[in-house]
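From the sequence below, what's the structure:
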Amino acid sequence: MSTSCATLPNSLKFDFSRPHHHNHRSSSICGFSRRDFAFKGIVVAGASAMASTVAAEPSKSQGLEKLVFKPEGYNYWTWRDRKIHYVVEGEGSPIVLIHGFGASAFHWRYNIPELAKKYKVYAVDLLGFGWSEKALVDYDALVWRDQVVDFVKEIVKEPAVLVGNSLGGFTALVAAESLQDQVKGVVLLNSAGQFGDAMPSPNESEENGLQKYILKPLKDIFQRAVLGFLFWQAKQPARVESVLKSVYTNSANVDDYLIESITKPADDPNAGEVYYRLMTRFMSNQRKYTLDSILSQLSCPLLLVWGDLDPWMGPAKAVRIKEFYPNSSIVNLQAGHCPHDEVPELVNKALLDWLSILPQAL
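Numbering: from 1, shown residues only. Below is the predicted model:
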């Protein structure tokens with residue numbers, strides 16, 4: 001284990017709170033459940049938040065700076081002949097922010113300006129999301145792992161801290177497992193992923209002729225029809241606004257900026273097909289990789305910043321991660337699944353406090 005991955009004090013635990021109004025049964029745009037995504041019609045794969053520039057403006061809701069909207073995006077990197085969008089701001093030791101399902105670099109709008117006062121902050125759009133290319137590939141957790149690994153090696157070019165929300169948290173973990181000493185620490189915000197035995201891939205040779213040539217094609221046709229309608233519904237501004245107000249425990253941040261950032265990328269010609277592939281192929285394969293198998297290979301300090309009001313990934317999951325991986329610290333927040341956009345001032349404080357004591361890392 002490298003010196004940058006030295007163990008933090010196990011007793012370290014933060015607990016922030018703030019006045020809030022919430023619905024304990026709310027859900028989130030950033031979750032990791034195919035049923036919730038599909039039938040609430042709120043995730044638009046590849047129709048995620050718009051990219052942003054490094055310029056900043058005051059936030060009306062919190063008095064924080066936020067990244068200014070830039071329609072054409074900011075920086076682009078060619079990865080495996082695919083166009084990948086990312087934002088970079090600040091100087092110093094690097095931090096890489098990885099968004100959740102259905103989001104993009106834009107979702108870190110309130111975090112990048114504050115963190116960039118002390119660090120060099122990167123926020124990358126995963127393939128198929130945001131301003132990155134809506135590639136027609138078979139999506140798998142390892143695709144995004146490889147993207148982040150290569151991003152650190154080719155763009156960041158030095159050891160970094162990886163920070164991820166939901167799907168981005170799981171991506172940060174699998175990338176850190178591969179990068180090892182190139183990662184000084186990992187921060188998970190209501191991370192996706194589950195414990196348990198990895199599920200083997202189905203053996204297609206066991207399918208009989210009726211299943212393979214008749215039932216499966218009919219199922220695919222039905223799925224395309226249903227998901228096509230849900231995709232169309234999901235990108236309507238009125239629908240997006242309604243859902244966002246129900247899933248954010250702090251609805252003050254549901255503004256025109258956020259709504260437009262979610263709906264505009266849906267105009268990409270490939271966005272509908274990417275949505276279909278994500279909902280049918282990626283979601284059905286997500287159980288192949290488990291948290292216990294990944295954490296058992298990790299060696300660096302881990303910070304868990306958890307929105308305790310998340311109905312999908314509640315605080316018990318953070319506790320279980322810490323029990324399995326003792327080199328962890330927990331920050332409990334009164335927020336939902338996307339605390340970095342709901343209570344960004346508290347998330348920024350938690351990150352900066354933890355980074356300041358990270359042994360020989362930053």
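
Who are the packing partners of the strand or helix carrying residue 174?
Using DSSP states H and E, residue 174 maps to helix 167-179. If contacts are counted by 3 or more Cβ pairs under 8 Å, 6 or more residues apart in numbering; DSSP states H and E, helix 167-179 sits against strand 94-98, helix 141-151, strand 160-165, strand 183-189, helix 291-295. Quick note: C-beta positions are derived from backbone N, CA and C, even for glycine.

what angle sits between that helix and strand 160-165?
Angle, helix 167-179 to strand 160-165, by axes from the mean of the first three to the mean of the last three Cα atoms, to 10 degrees: 150 degrees.

Could I get the buried residue list for helix 167-179?
The neighbour-count criterion (16 or more other Cβ atoms under 10 Å) identifies 167-177, 179 as the buried residues of helix 167-179.

Identify all contacting residues around it.
Residues outside helix 167-179 that contact it (Cβ atoms under 8 Å, 6 or more residues apart in numbering): 30, 32, 96-101, 103, 126, 141-142, 144-145, 148-149, 152, 162-164, 183, 186-193, 289, 291, 294-295, 297-298, 300.

I'd like the helices and strands packed on helix 167-179 laid out as TSV, including mean pLDDT.
Shown next, in TSV, are these (pLDDT from 0 to 100):
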stretch	mean pLDDT
strand 94-98	98
helix 141-151	95
strand 160-165	98
strand 183-189	97
helix 291-295	93
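
Could you provide these in CSV, with additional columns for distance to residue 66 and mean neighbour count?
Output for the helices and strands packed on helix 167-179, formatted as CSV (distance: least, Cβ to Cβ, whole Å; neighbours: other Cβ atoms under 10 Å):
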stretch, distance to residue 66, mean neighbour count
strand 94-98, 14, 26
helix 141-151, 23, 20
strand 160-165, 17, 28
strand 183-189, 18, 28
helix 291-295, 32, 18
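
Could I get these in TSV, plus columns for distance to residue 111?
Output for the helices and strands packed on helix 167-179, formatted as TSV (distance: least, Cβ to Cβ, whole Å):
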stretch	distance to residue 111
strand 94-98	7
helix 141-151	18
strand 160-165	8
strand 183-189	10
helix 291-295	24
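
Of all these, which one is nearest residue 305?
Checking those against residue 305 by Cβ to Cβ gives strand 183-189 as the closest, at 4.8 Å.

And the strands in this protein?
With DSSP state E as the criterion, the chain has strands at 13-15, 52-58, 65-69, 75-79, 82-89, 94-98, 120-124, 160-165, 183-189, 302-307, 328-333.

which stretches of the stretch 101-250 of the chain have low pLDDT?
197-237, 246-247 (pLDDT under 70).

hmm, back to that, can you tell me which of the buried residues of helix 167-179 lies closest to residue 323?
residue 173 (16.2 Å).

tell me the angle the helix holding residue 174 makes with strand 94-98.
Using the same axes, to 10 degrees, helix 167-179 lies at 130 degrees relative to strand 94-98.

Could you export helix 167-179 as PDB, CA atoms only?
Output of helix 167-179 as PDB, limited to C-alpha atoms (Å, rounded to 0.1, in the frame of the first residue of the first chain):
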ATOM      1  CA  LEU A 167     -23.500   5.400 -10.600                       C
ATOM      2  CA  GLY A 168     -20.500   7.700 -10.500                       C
ATOM      3  CA  GLY A 169     -19.600   6.400  -7.000                       C
ATOM      4  CA  PHE A 170     -19.600   2.800  -8.200                       C
ATOM      5  CA  THR A 171     -17.600   3.900 -11.200                       C
ATOM      6  CA  ALA A 172     -15.100   5.600  -8.900                       C
ATOM      7  CA  LEU A 173     -14.700   2.400  -6.900                       C
ATOM      8  CA  VAL A 174     -14.000   0.100  -9.800                       C
ATOM      9  CA  ALA A 175     -11.700   2.700 -11.400                       C
ATOM     10  CA  ALA A 176      -9.800   3.100  -8.100                       C
ATOM     11  CA  GLU A 177      -9.400  -0.700  -7.900                       C
ATOM     12  CA  SER A 178      -7.600  -0.600 -11.300                       C
ATOM     13  CA  LEU A 179      -5.600   2.500 -10.700                       C
END
